[in-house]
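In: Provided below are the primary sequence and the corresponding predicted coordinates.
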Amino acid sequence: MSATRKLTWFVFTFGIASCLAAAAEDWPQWKGDARRSGDVPQRRLALPLGLVGAVPLGDAVLTS
């Protein structure tokens with residue numbers, strides 16, 4: 001088998017294997033559902049909500 005044919009066979013096999021692996025996972029949907037409404041009833045927020053982090057900014061940002 002020539003080097004070109006081996007490379008072609010490797011790329012083809014790797015491509016098929018990666019497609020099969022990607023199809024097997026549960027991919028999250030943008031905004032939770034097919035309508036992209038943001039409603040995800042199976043997930044609940046951990047209450048109470050609070051501040052996670054903050055960065056003190058010393059200088060003002062001015063634009064013209």
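Out: Good, I have the coordinates.
In: just the helices in this structure please.
Out: 3-23 (DSSP state H).
In: for it, give me the ranges with low pLDDT.
Out: 21-28, 64 (pLDDT under 70).
In: what do you get if the cut-off is 80, keeping everything else the same?
Out: Across the chain, the ranges flagged by pLDDT under 80 are 1, 18-36, 38-43, 57-64.
In: ok, residue 56 to residue 40 distance?
Out: From residue 56 across to residue 40, the span is 34 Å (Cβ to Cβ, to the nearest Å). Where you see a C-beta, it was placed from the backbone N, CA and C, and this is true even at glycine.
In: who's more crowded, the two?
Out: Taking neighbours as other Cβ atoms under 10 Å, residue 56 and residue 40 compare with residue 40 leading, 12 against 4.
In: shouldn't the more buried one be in contact with residue 32?
Out: Yes - if you go by Cβ atoms under 8 Å, residue 40 and residue 32 touch, sitting 3.6 Å apart.
In: what count of nearby residues applies to residue 43?
Out: By other Cβ under 10 Å, neighbour count at residue 43 equals 7.
In: again with the one 4 residues further on
Out: When neighbours are counted by other Cβ under 10 Å, residue 47 registers 6.
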